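Undergrad: My questions are about this predicted structure, shown below with the sequence.
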Amino acid sequence: MGITKLADLIRLHAPGAIFHKDISDYTGKVIALDTSIVVNQFRAATPSLSPLTGLFFRTLTFLEHDIKPVFVFDGKPPGEKTAVLEKRAEAAGWKSHNRTGIASSQTKDCLQLLKLLGVPVIQAPGDAEAMCAHLVRDGTVDAVSSEDMDTLPFGASILICQLNAKKDSEVIEYSLPKLLERLQISHKEFVDLCILLGCDYCDKIAGLGPKRALTLIQKHRTIENVVLHVNRETHPVPHFWKYKEARTIFLDAPQTVAPELTWTEPDEEALVGFFCRATYVKEDRIRRRMEKFRQMREGKREEREKERAAGHSRQTRMEDFFRVTRKRERPVEVADPLSSNRKRPKSK
């Protein structure tokens, strides 16, 4: 579910925190992805196909654009999320959700596939969204790509939505620093706002819409003060409301030290063997996609060489792409969005 109607609230009250971009604007960037969201996207869009196929195609698309993906896997979910996970499992027709964090057979297949594609993976101790946000905060990655808005209250300074290669698909980037500036609230106050809007970790005050919730936080600054001033007849406060637990999850989620990140060349022969074993995808389809991958990568290499010759290169040498990336020093100040709001002109 993420944060209920947060995207709508941002569009209405902080449009200056939104940037409209193209996938090519992220060339050379290290992007963390919540793997479960990517897999569930493909599961919903093409239920007759294995989501592994979608993960394969999507990852190659990132690599073609010289985007360095880092896939983050969920660990054991916090107990406060149980009710939401059970509803999701029921809606999806699953017997139950994963309460233990132990890797399922599909998760193991995803891990194996990503290894063969040569991209790094990270196991989160809890929710992947929290780990993705942590990776941005400590400078390991440049941004988070997700269709869930949770990463913003978890503290990710840059959230990217709709990062795919569909024609005419506009990528949407959210800047947390600019969002807080436009709303004139702190990050802690923003977390309380997200809890009032509705999150995965506790109930919300009934009947409290986004505009009213924002007004209350801007005026009273904390949920405790909001509760003292809200009309309990029109907006009843939940009994045994665990908003404090939800606040703690957002502000103090358990983290793990990120490993050194390494990208290597995809192993085509091993990928063919993997798909022949794990899915019904035919060998020639995998080989055609790998050939297209090599051609597109070579084409983009030539484009960058021309840009470099013209004096406005956007990326380092191609051979530098597949290398170890060490954790960068944490910046003193939170950076602005990755680039300007204006789209760059497409190369002819």
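TA: Arrived safely, thanks for sending. Numbering: from 1, shown residues only.
Undergrad: Please count neighbours and contacts with C-alpha atoms only from this point.
TA: Will do.
Undergrad: Need the single longest helix in the protein, by residues.
TA: Identified as the longest helix of the chain according to DSSP state H is helix 283-310.
Undergrad: buried residues in that one?
TA: Ile286, Met290, Phe293, Met296, Arg297, Lys300, Arg301, Arg304, Glu305 (16 or more other CA atoms under 10 Å).
Undergrad: same thing with stretch 12-27?
TA: Neighbour-count burial for stretch 12-27 [16+ other CA under 10 Å]: 14-19, 21-27.
Undergrad: Pipe these into CSV and attach secondary structure, distance to Glu268 and pLDDT per row.
TA: Below are these laid out as CSV (DSSP: H, G, I helix; E, B strand; the rest coil; distance: CA to CA, whole Å; pLDDT from 0 to 100):
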residue, secondary structure, distance to Glu268, pLDDT
Ala14, coil, 45, 98
Pro15, helix, 44, 98
Gly16, helix, 44, 97
Ala17, helix, 41, 98
Ile18, strand, 38, 98
Phe19, strand, 36, 97
Lys21, strand, 32, 93
Asp22, coil, 28, 91
Ile23, helix, 25, 91
Ser24, helix, 25, 87
Asp25, helix, 28, 92
Tyr26, helix, 25, 94
Thr27, coil, 23, 91
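Undergrad: Quick one: mean pLDDT for the helix or strand hosting Glu269?
TA: Per DSSP states H and E: Glu269 is located in helix 268-278. The pLDDT scores in helix 268-278 average 91.
Undergrad: wait, which of the buried residues of stretch 12-27 is closest to Leu179?
TA: Ala17 (5.0 Å; CA to CA).
Undergrad: tell me which of the buried residues of stretch 12-27 is nearest to His239?
TA: Of all the buried residues of stretch 12-27, His239 sits closest to Ala14, with 32.3 Å by CA to CA.
Undergrad: which other helices and strands contact the helix holding Glu269?
TA: helix 105-117, helix 283-310 (3 or more CA pairs under 8 Å, 6 or more residues apart in numbering; DSSP states H and E).
Undergrad: what's the least confident stretch among those?
TA: helix 283-310 (a mean of 88).
Undergrad: Okay, angle between that one and helix 268-278 too, please.
TA: Interaxial angle, helix 283-310 versus helix 268-278 (axes from the mean of the first three to the mean of the last three CA atoms, to 10 degrees): 140 degrees.
Undergrad: Run through the neighbouring helices and strands of helix 283-310.
TA: helix 51-64, helix 268-278.
Undergrad: tell me the most buried of those helices?
TA: helix 51-64 (a mean of 20; mean count of other CA atoms under 10 Å).
Undergrad: which other residues reach it?
TA: Applying CA atoms under 8 Å, 6 or more residues apart in numbering, the contact partners of helix 51-64 are 38-40, 42-43, 68-69, 109-110, 113-114, 117, 164-165, 281, 289, 293, 296-297, 300.
Undergrad: Of those, select the buried ones using a ChimeraX command.
TA: Filtering the contacts of helix 51-64 down to the buried ones (16+ other CA under 10 Å) takes a single ChimeraX command:
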select :38,39,42,43,68,69,110,113,114,117,165,281,293,296,297,300
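Undergrad: what separates the helix holding Glu269 from the chain centre, distance-wise?
TA: 27 Å (CA atoms, centre = their mean, to the nearest Å).
Undergrad: now that helix against helix 105-117, angle please.
TA: Using the same axes, to 10 degrees: helix 268-278 against helix 105-117 is 160 degrees.
Undergrad: Extract the C-alpha trace of helix 268-278 and format it as PDB.
TA: Extracted in PDB, the C-alpha atoms of helix 268-278 (Å, rounded to 0.1, in the frame of the first residue of the first chain):
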ATOM      1  CA  GLU A 268      24.800 -15.600 -21.500                       C
ATOM      2  CA  GLU A 269      25.400 -19.400 -21.500                       C
ATOM      3  CA  ALA A 270      24.500 -19.700 -17.900                       C
ATOM      4  CA  LEU A 271      21.400 -17.500 -18.400                       C
ATOM      5  CA  VAL A 272      20.200 -19.700 -21.300                       C
ATOM      6  CA  GLY A 273      20.700 -22.800 -19.000                       C
ATOM      7  CA  PHE A 274      18.900 -21.000 -16.200                       C
ATOM      8  CA  PHE A 275      15.800 -20.100 -18.200                       C
ATOM      9  CA  CYS A 276      15.600 -23.500 -19.800                       C
ATOM     10  CA  ARG A 277      15.500 -25.000 -16.300                       C
ATOM     11  CA  ALA A 278      13.400 -22.500 -14.400                       C
END
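Undergrad: can you pull out the strands in this structure?
TA: Under the criterion DSSP state E, the chain contains strands at 18-21, 30-34, 68-73, 121-123, 143-145, 158-161, 171-175, 261-262, 324-325.
Undergrad: Please identify the deepest-packed of those.
TA: Using mean count of other CA under 10 Å, strand 143-145 ranks as the most buried of those, with a mean of 28.
Undergrad: Which strands or helices does that strand pack on?
TA: By 3+ CA pairs under 8 Å, 6+ apart, strand 143-145 packs against strand 30-34, helix 128-137, strand 158-161.
Undergrad: What average pLDDT does stretch 159-170 get?
TA: 80.
Undergrad: measure it end to end?
TA: From its first residue to its last, stretch 159-170 covers 14 Å (CA to CA, to the nearest Å).
Undergrad: Looking at the buried residues of stretch 12-27, which is nearest Asn225?
TA: Ala14 (23.7 Å).
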